[in-house]
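next come a sequence and a model predicted from it.
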Protein chains: 2
Amino acid sequence: MPRATLHNRQDSLDRALNLFWQKGFHATSLKDIERTLDMRPGSIYAAFGSKDGLFQEALDCYATRSLREMEIIMASHDSPLDALAAYIRQLGCLRDKEVPSRACMLAKSLLELGEREQAARDKVETLLAGMEARFRQAFADARDAGELVDPERPAHQPERLGRRLQAEVMGLRAYAQREGDSEIVHQLAEDIAQDIEALKVHNTGAH
Amino acid sequence: MPRATLHNRQDSLDRALNLFWQKGFHATSLKDIERTLDMRPGSIYAAFGSKDGLFQEALDCYATRSLREMEIIMASHDSPLDALAAYIRQLGCLRDKEVPSRACMLAKSLLELGEREQAARDKVETLLAGMEARFRQAFADARDAGELVDPERPAHQPERLGRRLQAEVMGLRAYAQREGDSEIVHQLAEDIAQDIEALKVHNTGAH
DNA sequence: GTTAAAATTGAGTATTCACTCAATACCTTC
DNA sequence: GAAGGTATTGAGTGAATACTCAATTTTAAC
C-alpha cells in the first residue's frame, strides 16, 4: 500500500555527509541541504527529523566509513605498526585527492559544536573514542606480537600510543587544511610514519 | 571637541576574542557580541565595521597574545629545545585552567571558515604561518647551537620540525577539547615534550 | 477501478540574522 | 554658557534561518 520511496536513504546520507563535512554544521543551511539532496523541507524532516538529526546520522556514516577504510589497511599488513605507518602515509596524500575537507570531520565538529548541540557533541565524543580504541587495539596487537621495542616504557603503553596517534592524525589533517604545497603534507606524514616505525624492535633505521 | 570614548577598544577586543574563541565565528551572534561588549549595534559597527572585521581584529589579538606567551617561555630557557618542551608541557595544563576553549583559535577558525569568509581565512593562514615561523626559528637556533642530535637528517631540518610541531600543537589542543580526565592531556603533552627532548645531542634519556 | 497508506510537496510560519541610520547624549574648546 | 563634533543609542531594515502542515501525488493491495 505505501508509496515507494523516491530517494535512497543511504545516498541522501552520503550527500549530506559530504555537505556537512565541507561546510561544517552551522554554515550548512537547509537551503543547501534541499539543493544537495534534491528534497523539499517536508521530505527532509519526515526522513531525518531535524537538521541536527541528519547531522548526527551523517556523523555515523563518516565514522563507519573511516573505520572501514582503516580496517582495509590493517588487513593488508602483517605488522600492525607497518599498517599504522601506511595509514599515516595515506593521509599524506590528502591534498592530492578531491575530498569535501582535508580535516577530519569528527575533529572539525569537536571544535565547532557548542552547548546548544550537546547531543551531536556527545556523538562526536563517542565516535572519536571508537577511533581511538581501534588505534589502541593496533598498538596492543603490536605489543602482543612482540613488535614494540620497549613495551615497558610508560609512553609506549597501547593506551598512550593510541591517544597520541589520534592527536597526531587530528593535527596532521588540520595542517593539511592549510594552503600550501602538497609535498609539505607528504613530508609531515612521512615524519610521523617513521616515528611509528621507530617503535619496532628491529628498526631497519629510517634516515 | 569630540566626546570621550566610553569603551576601551582593547578591552572590547579582548572580550570579543574570548567570545569568538569559545563559540566560533558562525555560532557567535551580534546579540552575543552586544551583550558581551555591552555595546549597541551602532557603536559596534562604528568601531569595527562588521562582524567579520571584529573577528579579524580578534584573531590578531589572539596571535599577538600567543606569540607573546611563547616568547616568555623561550626567554626563560637557555636551550631552545628545552623551551619548546616546556611550551608543550604548559599546554598539557590546558584542562586545569579556565579558558574560552582548549583548542587553538587559529586551528578552530581554519577548520570552520569557508569561502564566504575568505578574508578571515587568509588572515588565519598568515597568523598560522607566523607561529610556524617562530617554531622553525627555535629549531634553527637549536641547530646553530649544536643542540640537534642529527642535523643532517632530513626530518630534522628546522622547516620540517617547525611544521611538525605546529601539527602536534593543533592535535594536542584538539584532543584537549575532548571530555575526559585532565591527567590524559598531561600524559599526551609529556610524551610529545619527551620526543622534542630526544632531539638533543646529549639526551639524558627519559627512561 | 477503488481505496488506503505512505511519500512528497512548497507555500508559509515565527524567529533570528547581520546591519543601518536618524536622533540623542556627551565632552571639549572657546 | 554656547557651539561643534563625536560617541552612542535602539528601533527598525530586509534577508535568511530552521521548521510546519494541509494538500497533493504516487504506489500497492484488493
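Yep, it's here.

for the residue of chain A found nearest DNA strand C, what is the enclosing helix or strand?
Proximity to DNA strand C, evaluated over chain A using Cβ to the nearest atom of the strand, is greatest for residue A:42 at 2.2 Å. Glycine gets a C-beta too; all of them are placed from N, C-alpha and C. If you go by DSSP states H and E, residue A:42 is part of helix A:41-48.

could you check the pLDDT of the residue of chain A closest to DNA strand C?
We note a pLDDT of 96 for residue A:42 in this prediction.

same check on residue A:137?
Here, the pLDDT recorded for residue A:137 equals 98.

how many neighbouring residues does the closest residue to residue A:52 other than its chain neighbours have?
Spatially, and ignoring its direct neighbours in sequence, residue A:52 is nearest to residue A:120 (6.0 Å; Cβ to Cβ, 6 or more residues apart in numbering or on different chains). Neighbourhood size, residue A:120 [other Cβ atoms under 10 Å in any protein chain shown]: 20.

what do you get for residue A:116?
Residue A:116 is flanked by 12 other residues according to other Cβ under 10 Å.

show me the contacts for it.
Contacts for residue A:116 (Cβ atoms under 8 Å, 6 or more residues apart in numbering or on different chains) come out as residue B:27.

can you check the one 3 residues further on too?
Contacts of residue A:119 were listed using Cβ under 8 Å, 6+ apart, and they are A:52, A:56.

next: residue A:41.
A:30, A:34.

is there proximity between the biggest helix by length in chain A and DNA strand D?
Assignment by DSSP state H gives helix A:118-144 as the longest helix of chain A. No. Residues of helix A:118-144 are not located near DNA strand D by Cβ under 7 Å from any atom of the strand, the shortest gap being 11.4 Å.

mean confidence score for the helix or strand just after that helix?
Proceeding N to C from helix A:118-144, the next assigned helix or strand is helix A:158-176, under DSSP H and E. Mean pLDDT, computed over helix A:158-176, is 98.

helix A:158-176 near chain B anywhere?
Yes. Judged by Cβ under 8 Å from any Cβ of the partner chain, helix A:158-176 comes into contact with chain B through A:160, A:163, A:164, A:166, A:167, A:168, A:169, A:170, A:171, A:172, A:174, A:175.

let's have those in TSV, adding neighbour count and distance to residue A:28.
Formatted as TSV, these follow (neighbours: other Cβ atoms under 10 Å in any protein chain shown; distance: Cβ to Cβ, whole Å):
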residue	neighbour count	distance to residue A:28
A:160	19	36
A:163	22	30
A:164	26	32
A:166	26	25
A:167	28	27
A:168	26	28
A:169	25	24
A:170	31	21
A:171	27	25
A:172	26	25
A:174	30	20
A:175	28	24
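
out of the residues you listed, which is nearest to DNA strand D?
residue A:174 (24.4 Å).

skip the chain neighbours and tell me the closest residue to the residue of chain A found nearest chain B.
The minimum distance from chain A to chain B, using Cβ to the nearest Cβ, falls at residue A:171 (2.5 Å). Distance criterion Cβ to Cβ, 6+ apart; nearest residue to residue A:171, sequence neighbours excluded, is residue B:171 at 2.5 Å.

contacts for stretch A:50-60?
A:13, A:16-17, A:20-21, A:25, A:28, A:30, A:33, A:44, A:48, A:105-106, A:109, A:117, A:119-120, A:123-124, A:127.

would it count as contacting DNA strand C?
No. On the criterion Cβ under 7 Å from any atom of the strand, stretch A:50-60 is out of touch with DNA strand C, staying 13.4 Å away.

buried stuff in that stretch?
A:51, A:52, A:54, A:55, A:56, A:57, A:58, A:59 (16 or more other Cβ atoms under 10 Å in any protein chain shown).

now, among these, which is nearest to DNA strand D?
Using Cβ to the nearest atom of the strand, residue A:51 comes nearest to DNA strand D of the buried residues of stretch A:50-60, at 3.3 Å.

around DNA strand C, pick out the residues from chain A.
A:1-7, A:39-43, A:46-47.

rerun that using 6 Å as the cut-off
By the rule Cβ under 6 Å from any atom of the strand, the part of chain A lying against DNA strand C is A:1, A:2, A:3, A:5, A:6, A:7, A:39, A:40, A:41, A:42, A:43, A:46.

and the third one, which of the three is it?
Taken by DSSP: H, G, I helix; E, B strand; the rest coil, the conformation at residue A:3 corresponds to coil.

hang on, isn't residue A:170 packed against residue A:107?
Yes. Residue A:170 lies in contact with residue A:107 (Cβ atoms under 8 Å); the separation is 4.4 Å.

what do the two both touch?
residue B:174.

state the number of residues packed around the nearest residue to residue A:138 once chain neighbours are set aside.
Among residues not flanking residue A:138 along the chain, residue A:80 sits closest, at 4.5 Å (Cβ to Cβ, 6+ apart). Neighbours of residue A:80 under the rule other Cβ under 10 Å: 23.

any low-confidence regions in chain A?
Low-confidence segments of chain A (pLDDT under 70): A:1, A:203-207.

90 instead?
A:1-7, A:201-207 (pLDDT under 90).

which residues of it lie near DNA strand D?
So chain A meets DNA strand D at A:1, A:3, A:4, A:29, A:30, A:31, A:41, A:42, A:45, A:50, A:51, A:52 (Cβ under 6 Å from any atom of the strand).

much appreciated, bye for now.
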